[in-house]
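J.: for reference, the sequence and a predicted model appear below.
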Number of protein chains: 2
Amino acid sequence: MHKTIIIFFLFSLTLLMASEPITPLPQNVKVNQTKAKLGKELFFDPILSHDDTISCATCHNLQQGGDDGLKFSFGIKGQEGIVNAPTVYNAYFNFRQFWDGRAKDLQEQAAGPIENPIEMGSSFEEVIAKLKKSKYKKLFDALYKEGITKQTISDAIAEYEKTLITPNSRFDNYLRGDENALTQNEKEGYELFKSKGCASCHHGENIGGNLYNKFGIFDETNSEWLGRYNITHKERDKYFFKVPSLRNIARTAPYFHDGRTYNLKEAVQIMSQYQLGRHITKEEISKITAFLKSLNGELPKNIEP
Amino acid sequence: MHKTIIIFFLFSLTLLMASEPITPLPQNVKVNQTKAKLGKELFFDPILSHDDTISCATCHNLQQGGDDGLKFSFGIKGQEGIVNAPTVYNAYFNFRQFWDGRAKDLQEQAAGPIENPIEMGSSFEEVIAKLKKSKYKKLFDALYKEGITKQTISDAIAEYEKTLITPNSRFDNYLRGDENALTQNEKEGYELFKSKGCASCHHGENIGGNLYNKFGIFDETNSEWLGRYNITHKERDKYFFKVPSLRNIARTAPYFHDGRTYNLKEAVQIMSQYQLGRHITKEEISKITAFLKSLNGELPKNIEP
């Protein structure tokens, strides 16, 4: 009996010492508002695409979770993409951009789709020429002494994307001390999220987006999705992807790099099976999903074009 | 009853479909034996240090797990290091070298300690001058048309280090199908290793060494060990380290970047608390530790100087 008390005491002490694996999103980040304003215009402007049909917002719809709700996006001439479009919300907090992390920051990312033949299908030469003949000439010249360049275009877009953050989710409010911000069910879901091992990869302020790991640790690895291998060509990088952020996850279906499911519960089940090699019950999945829904943050103001 | 059978069937199917998160080490890797022979001489030769007192083998003792069994190593003039020396065994299989991953491969790593003031405290200028006046002149000239350079010195050492692999651990034999290679206790330990979530980070052929993650996901983050932050200076990289390989873990105490414990059971307990935020019982720790001991591989032949 005495021993039990000691064990219970040590166990409680361990729990007391533990801190939360997730921290709230900052409520704002430092942004150059003038550049962000220009970036916003570019973000919504199809002028960046070869045939003036596709803008950043086409695949990153700010009213719909910051992505397009499609398995794969469509670029110019109806071409279908080959990977699920990640949300632009809170992308600023990711340690790298794209599923395979090939862009080191928002600026490098922003330049990608413009020149991707199946996305905007343009070139910076073409885009710069078009912009120079437009209203943008004056706007860029006022802000950047180098005028319109690949660098300044990406810089303005990246600056705008820094405003696309979603703080003050109910879960963040809970972390900040508001015990009533979550229901009992959601709290239990969070405890399961931690105790089942989800937090091993989904942690930090963005609940992911800060490391690479293998997709399918416990699963057959015969997928055509090679992830970072396509960048590094190292065998050991096969099936490695950036662990995605879980913020606003309930708004960003379909899930995974291949958009294989629209069902959040199924996504949780797949993660449990593939990443943790464990069976979790329907009830547990239901609670974890409830917790995940509490991660929807406040959308920025003025997300209309 | 009928429903139970279906659930049981689906559960079994899930398990059947799962593959192991760990794969056996290859039994050999392609090595240029002539260069490796030269690299071996360099590896054991204190000529690489400023005062001819420290060789690679000083901190990477091949008879003692490929490290020195110390919390921190000692460099020239009795200077104490600031991080636990990782084992050189199977380092070839790591995706980056050093705890903070600052070297991209063995060659880049090999050059590090030579110029580190508190390790070998030399410079390549000095080392090259000494080598050119020694037996090495002829050996290098025979192998490298550029003779003795920083590049060729590191290349030869790295080539030798490719021979320092430890295949055919009992666990690898078990993975290859020898059911008797592990005791029941060790098998249960492996199942716990998987079900508790250890395999989320320790997976692949080197059971780690293929990703960065945060040390102390569930712990206070007020450590002086900043890990990758020292390289990137990004707040989000604070406390991120390369997940170390668990191969030969029973031979490589003390543990962690700060060598905080010599006790493998305590190391398991710390991981469980810091990384998984969960309590595991003494019996579970004991079984997991038994499994970890089965990861000792066969040492290479001729590891004497």
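T.: Arrived safely.
J.: so who does A:Phe124 touch?
T.: By C-beta atoms under 8 Å, 6 or more residues apart in numbering or on different chains, A:Phe124 lies in contact with A:111, A:114-115, A:149-150, A:153. Glycine gets a C-beta too; all of them are placed from N, C-alpha and C.
J.: by neighbours, which of these wins?
T.: A:Ile153 (25 neighbours; other C-beta atoms under 10 Å in any protein chain shown).
J.: in this structure A:Ser123 contacts A:Glu115, no?
T.: Yes: between A:Ser123 and A:Glu115 there is a contact at 5.8 Å, judged by C-beta atoms under 8 Å.
J.: how many other residues sit next to A:Ile270?
T.: Applying other C-beta under 10 Å, we find 18 residues neighbouring A:Ile270.
J.: where's the nearest residue to it once chain neighbours are set aside relative to A:Gly277, distance?
T.: Counting by C-beta to C-beta, 6 or more residues apart in numbering or on different chains, A:Ile270 lies nearest to A:Thr261, which is 7.0 Å off, once chain neighbours are set aside. Distance from A:Thr261 to A:Gly277, counting by C-beta to C-beta, to the nearest Å: 19 Å.
J.: with neighbour numbers in mind, choose between these two.
T.: Counted by other C-beta under 10 Å, A:Thr261 and A:Gly277 do not tie: A:Gly277 has more neighbours, with 24 against 16.
J.: just checking, that one touches A:Gly216?
T.: No: counting by C-beta under 8 Å, A:Gly216 is not a contact partner of A:Gly277; they are 10.4 Å apart.
J.: list residues touching both of the two?
T.: Counting by C-beta under 8 Å, 6+ apart, A:Gly277 and A:Gly216 have no common neighbour.
J.: care to break chain A down by domain?
T.: Dividing chain A into domains by automatic domain parsing, as the record does, gives the ranges A:33-161, A:167-293.
J.: start and end of the longest one, how far apart?
T.: Right, the one you point to is domain A:33-161. 11 Å (C-alpha to C-alpha, to the nearest Å).
J.: one more: the last one?
T.: According to C-alpha to C-alpha, domain A:167-293 extends 14 Å from its N-terminal end residue to its C-terminal end residue.
J.: give the contact list for the nearest residue to A:Ile280 once chain neighbours are set aside.
T.: The spatially closest residue to A:Ile280, leaving aside those adjacent along the chain, is A:Ser272, at 4.7 Å (C-beta to C-beta, 6+ apart). Taking C-beta under 8 Å, 6+ apart as the definition of contact, the neighbours of A:Ser272 are A:196, A:278-280, A:285.
J.: now for those residues, which pair is the farthest apart?
T.: Maximum pairwise distance among the contacts of A:Ser272 (C-beta to C-beta): 11.8 Å, between A:Arg278 and A:Ile285.
J.: the two: which is more packed in?
T.: A:Ile285 (20 against 17).
J.: and that one, its phi and psi?
T.: In this entry, A:Ile285 is assigned phi and psi values of phi -60, psi -40 (degrees, to the nearest 10).
J.: quickly note the distance from A:Gln269 to chain B.
T.: Using C-beta to the nearest C-beta, to the nearest Å, one obtains 9 Å as the distance from A:Gln269 to chain B.
J.: shaky segments in chain A?
T.: Low-confidence regions of chain A, defined by pLDDT under 70, span residues A:1-18, A:220-221.
J.: so which residues on it come close to chain B?
T.: A:11, A:14-15, A:17-21, A:93, A:95, A:194-197, A:199-201, A:203-205, A:210-214, A:217-221, A:234, A:236-237, A:240, A:273, A:275-279 (C-beta under 8 Å from any C-beta of the partner chain).
J.: quick one: contacts of stretch A:74-84?
T.: By C-beta under 8 Å, 6+ apart, the surrounding residues in contact with stretch A:74-84 are A:49-51, A:53-54, A:59, A:67, A:70-73, A:99, A:113, A:116-121, A:225, A:254-259.
J.: how much space separates the residue nearest to A:Glu188 when sequence neighbours are not counted from A:Gly189?
T.: Ranked by C-beta to C-beta, 6+ apart and with sequence neighbours excluded, the top spatial neighbour of A:Glu188 is A:Lys287, at 4.9 Å. For A:Lys287, the distance to A:Gly189 under the criterion C-beta to C-beta works out to 4 Å.
J.: same deal with A:Gly216?
T.: The gap separating A:Gly216 from A:Gly189 is 24 Å, by C-beta to C-beta.
J.: so A:Ser195 is in contact with B:Phe218, correct?
T.: No: applying C-beta under 8 Å, one finds A:Ser195 not in contact with B:Phe218, separated by 10.6 Å.
J.: which neighbours do these two have in common?
T.: Overlap of the contact sets of A:Ser195 and B:Phe218 (by C-beta under 8 Å, 6+ apart) consists of B:Gly277.
J.: more neighbours, these two?
T.: The neighbour comparison of A:Ser195 against B:Phe218 (other C-beta under 10 Å) goes to B:Phe218, with 23 against 16.
J.: can you tell me which residues contact the more buried one?
T.: Taking C-beta under 8 Å, 6+ apart as the definition of contact, the neighbours of B:Phe218 are A:18-21, A:194, A:199, B:273-277.
J.: most neighbours, which of the residues you listed?
T.: Comparing those on neighbour count, B:Gln275 comes out first with 27 neighbours (neighbours: other C-beta under 10 Å).
J.: for chain A, see how far away that residue is.
T.: Distance, B:Gln275 to chain A, using C-beta to the nearest C-beta: 6 Å.
J.: pretty sure A:Val29 sits against A:Lys162.
T.: Yes: counting by C-beta under 8 Å, A:Lys162 is a contact partner of A:Val29 at 5.5 Å.
J.: looking at the two, which one has more neighbours?
T.: Relative neighbour count places A:Lys162 above the other of A:Val29 and A:Lys162, with 19 against 12, counting by other C-beta under 10 Å.
J.: contacting residues for the more buried one?
T.: Shown in contact with A:Lys162 (C-beta under 8 Å, 6+ apart): A:29-31, A:36, A:92, A:106.
J.: need the helices for chain A, in chain order.
T.: Secondary structure of chain A (DSSP state H): helices at A:2-17, A:33-43, A:56-59, A:106-115, A:124-132, A:136-143, A:150-161, A:170-175, A:184-195, A:229-232, A:264-275, A:282-293.
J.: and the last one with helix A:184-195, angle?
T.: With axes from the mean of the first three to the mean of the last three C-alpha atoms, to 10 degrees applied, the angle from helix A:282-293 to helix A:184-195 works out at 100 degrees.
J.: just name the closest of the contacts of A:Ser272 to B:Tyr174, please.
T.: Of all these, A:Arg278 has the smallest distance to B:Tyr174: 20.5 Å, by C-beta to C-beta.
J.: thank you kindly, that will do.
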